[in-house]
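> Compute the structure for the input listed below.
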Amino acid sequence: MADSAMNLDDSSKDSAPSFPPISISQLDKSSQYRKISVPPNRFTPLKNNWMKIYTPIVNHMKLEIRMNINTKCVELRTSPQTEDAGALQKSADFVRGFMLGFEVDDAMALLRMDDLYIESFKVQDVKTLQGDSLSRAVGRISGSDGKTKYTIENATRTRIVLADCNVHILGSVSNIKIARDAICDLILGSPPGKVYGKLQSTCARLKERF
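Down below sits the predicted model:
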């Protein structure tokens, strides 16, 4: 009896259960919705880039999308053709990223890759600043002609949007942390040269690790 019990235990360990992916139609028969509000400053970019947003959501994600003028929201809904259970959330993140100020091509990476996220914070969350001091902190993040921002983006493989005193970062978790630390150092008053050096050493360590 003991031998047979051991054999049963061994066979159960070897044969792990394998389940096929569940389609969204198996999860819930009713349609699921998402609403993303459109800020006033993004109406014109949304109108100009509507087909770039509409095409991947409808053709690839198999969702339904419309612009509701009355509520000033972009509305997403699952359809009978929707196959991926995560398509609705991915598409909502894609549209929300565009509303935050990211380019369509950059935000579209949220549809293609699973390990990308958007992190947002205010400059005042790092250091309490007002008036000219706040403007200078935002200027340090951007740099002359956006040079500092582009350097951080290229070094960390992220995309950064500066909207007034809000900072939005698109990238993987580890890369967002590196970019956020660099931006925080600039807000706290570190010179750009010192931040560049720290960025290079951090990125070099990451490359050696992977």
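> Give the residue spans of the chain that score low on pLDDT.
Low-confidence segments of the chain, defined by pLDDT under 70, are located at 1-16, 19-30, 206-210.
> longest helix of it?
helix 192-209 (DSSP state H).
> for that helix, packing partners?
Counting by 3 or more CB pairs under 8 Å, 6 or more residues apart in numbering; DSSP states H and E, the packing neighbours recorded for helix 192-209 are helix 147-156, helix 173-187. To be clear about C-beta, it is placed using only N, CA and C from the backbone, and glycine gets the same treatment.
> so which of those helices is the most packed in?
Comparing these by mean neighbour count (mean count of other CB atoms under 10 Å), helix 173-187 comes out on top with a mean of 20.
> now the angle from it to helix 147-156?
Here helix 173-187 runs at 150 degrees with respect to helix 147-156, directions being taken by axes from the mean of the first three to the mean of the last three CA atoms, to 10 degrees.
> Does anything pack onto helix 173-187? Which helices or strands?
Secondary-structure packing of helix 173-187 (3+ CB pairs under 8 Å, 6+ apart): strand 117-122, helix 123-126, helix 131-142, helix 147-156, strand 166-171, helix 192-209.
> give the contact list for the residue lying closest to Ile178 once chain neighbours are set aside.
The shortest distance from Ile178 to any non-neighbouring residue, by CB to CB, 6 or more residues apart in numbering, is to Thr156 (4.7 Å). The contact partners of Thr156, by CB atoms under 8 Å, 6 or more residues apart in numbering, come to Gly171, Asn175, Ile176, Ile178, Ala179, Ala182, Leu199, Cys203.
> Thr71 now?
Residues counted as contacts of Thr71 (CB under 8 Å, 6+ apart) are Lys35.
> Just say helix, strand or coil for it.
Per DSSP: H, G, I helix; E, B strand; the rest coil, the local secondary structure of Thr71 is coil.
> mind checking how far it is from Lys62?
From Thr71 over to Lys62 the distance is 24 Å, taken as CB to CB, to the nearest Å.
> In contact with Val58, which residues are there?
Residues near Val58 by CB under 8 Å, 6+ apart: Glu64, Ile65.
> Over to Val123?
Val123 makes contacts with Leu129, Leu134, Ala137, Val138, Ile141, Cys165, Asn166, Val167, Ile187, as judged by CB under 8 Å, 6+ apart.
> And the helices and strands packed on helix 173-187: which comes nearest Met108?
Relative to Met108, the nearest member of these by CB to CB is strand 166-171, separated by 10.8 Å.
> What residues sit buried inside stretch 100-120?
Of the residues in stretch 100-120, Leu100, Gly101, Phe102, Val104, Asp106, Ala107, Met108, Leu110, Leu111, Leu116, Ile118 count as buried by neighbour count, 16 or more other CB atoms under 10 Å.
> Just the endpoints, please. Distance across that stretch?
Taking CA to CA, to the nearest Å, stretch 100-120 runs 9 Å from one end to the other.
> same check, this time on stretch 54-67
End to end - CA to CA - stretch 54-67 spans 10 Å.
> can you give me the offset of that stretch from its chain's centre?
18 Å (CA atoms, centre = their mean, to the nearest Å).
> buried ones in that stretch?
Residues of stretch 54-67 classed as buried: Pro56, Ile57, Met61, Lys62, Leu63, Glu64, Ile65, Met67 (neighbour count, 16+ other CB under 10 Å).
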